[in-house]
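1. this one's structure only:
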């Protein structure tokens, strides 16, 4: 896969990637921080690409996700990103699209290093028992919010604010893609859902609506999942893995018209 396509797919820091593409050569116009992390970003980008290929069955001749291989690579990616240990480095390395988010994280003193345990949080969300009365849409919404680290009372509050109810079509498309074993399409649809649920305008509205501690927890969750650094690529891969591992049980839930 060419670097330009990978940059588009994963949303990695353009400047860091540009340095990496030139073999990590120093550029007098780039900061020391960007030079230092360029090689790391390039390696992690390749690894995340491999993880997504494993999830979408591209590397498996049997045409099914290589869930264990993907899990190992996803875990290594977020472990590598955990080397970003302070807010100054995060802001320097943030992708342009997420500059506002990085500033919000800093303003709320909510920086936390990317957390390798965030994958385990997502996997536990996928494995959690769901009520027989839950719909498919409710289950996926809960998995997304639990994967962000929110507790039940926080999820109840956020469900009423985040635009899940507007995404009935996307939820049904995700169900159909998984039922048909179209892993690549399922991944694309899930990413679309995540980007709409946590769009820049939605996040801005949420932090103005909820109480201070919950707003700060949201900012910390976004920082821990490396969103300013890689966009939603890592988080979507982790949630995909959680859903793929539990797809048979989840697909038994009813597909309603809304949540």
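-> That came through fine. Since this is a predicted model, take the numbers as computed values, not measurements. Numbers count the residues shown, from 1 in each chain.
2. can you tell me the average pLDDT over stretch 190-205?
-> Mean per-residue pLDDT for stretch 190-205: 92.
3. Centre of the chain to it, how far?
-> In terms of Cα atoms, centre = their mean, to the nearest Å, the centre of stretch 190-205 is found 11 Å from the chain centre.
4. How far does it stretch from one end to the other?
-> Length of stretch 190-205, first residue to last, Cα to Cα, to the nearest Å: 22 Å.
5. Name the residues of it that are buried.
-> By neighbour count with 16 or more other Cβ atoms under 10 Å, stretch 190-205 contains the buried residues 190, 191, 193, 194, 197, 198, 203. Bear in mind the C-beta positions are built from the backbone N, C-alpha and C, glycine included.
6. What are the contacting residues of that stretch?
-> Contact with stretch 190-205 is made by 100-101, 104, 140, 144, 161-164, 166-167, 170-171, 174, 218, 222, 232, 235-236, 239-240, 243, as judged by Cβ atoms under 8 Å, 6 or more residues apart in numbering.
7. For PyMOL, write the select line for the buried members of these.
-> Buried residues among the contacts of stretch 190-205 (16+ other Cβ under 10 Å), as a PyMOL selection:
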select buried, resi 101+104+140+144+162+164+167+170+171+174+218+222+232+235+236+239+240+243
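8. Could you dump the buried residues of stretch 190-205 into CSV and include distance to residue 136?
-> Output for those, formatted as CSV (distance: Cβ to Cβ, whole Å):
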residue, distance to residue 136
190, 13
191, 18
193, 12
194, 16
197, 16
198, 20
203, 25
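9. Secondary structure and distance to residue 184 added to these, as a markdown table?
-> What follows is the buried residues of stretch 190-205, written out as a markdown table (DSSP: H, G, I helix; E, B strand; the rest coil; distance: Cβ to Cβ, whole Å):
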| residue | secondary structure | distance to residue 184 |
| --- | --- | --- |
| 190 | helix | 11 |
| 191 | helix | 11 |
| 193 | helix | 15 |
| 194 | helix | 16 |
| 197 | helix | 21 |
| 198 | coil | 22 |
| 203 | helix | 27 |
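10. Spell out which two among the residues you listed are the most distant pair, please.
-> 190 and 203 (18.3 Å; Cβ to Cβ).
11. starting at the chain centroid, how far to stretch 241-259?
-> 19 Å.
12. Correction: the previous question concerned stretch 213-225.
-> 13 Å.
13. Stretch 110-124 too?
-> 10 Å.
14. Just give the number of residues close to the closest residue to residue 226 other than its chain neighbours.
-> Using Cβ to Cβ, 6 or more residues apart in numbering and skipping the chain neighbours, the partner closest in space to residue 226 is residue 114 (4.1 Å). Counted with other Cβ atoms under 10 Å, the neighbours of residue 114 add up to 24.
15. again with residue 251
-> If you count neighbours by other Cβ under 10 Å, residue 251 ends up with 14.
16. just residue 177 next, same as before
-> Neighbours around residue 177, by other Cβ under 10 Å: 18.
17. phi, psi of it?
-> Note on residue 177: backbone dihedrals following degrees, to the nearest 10 are phi -60, psi -40.
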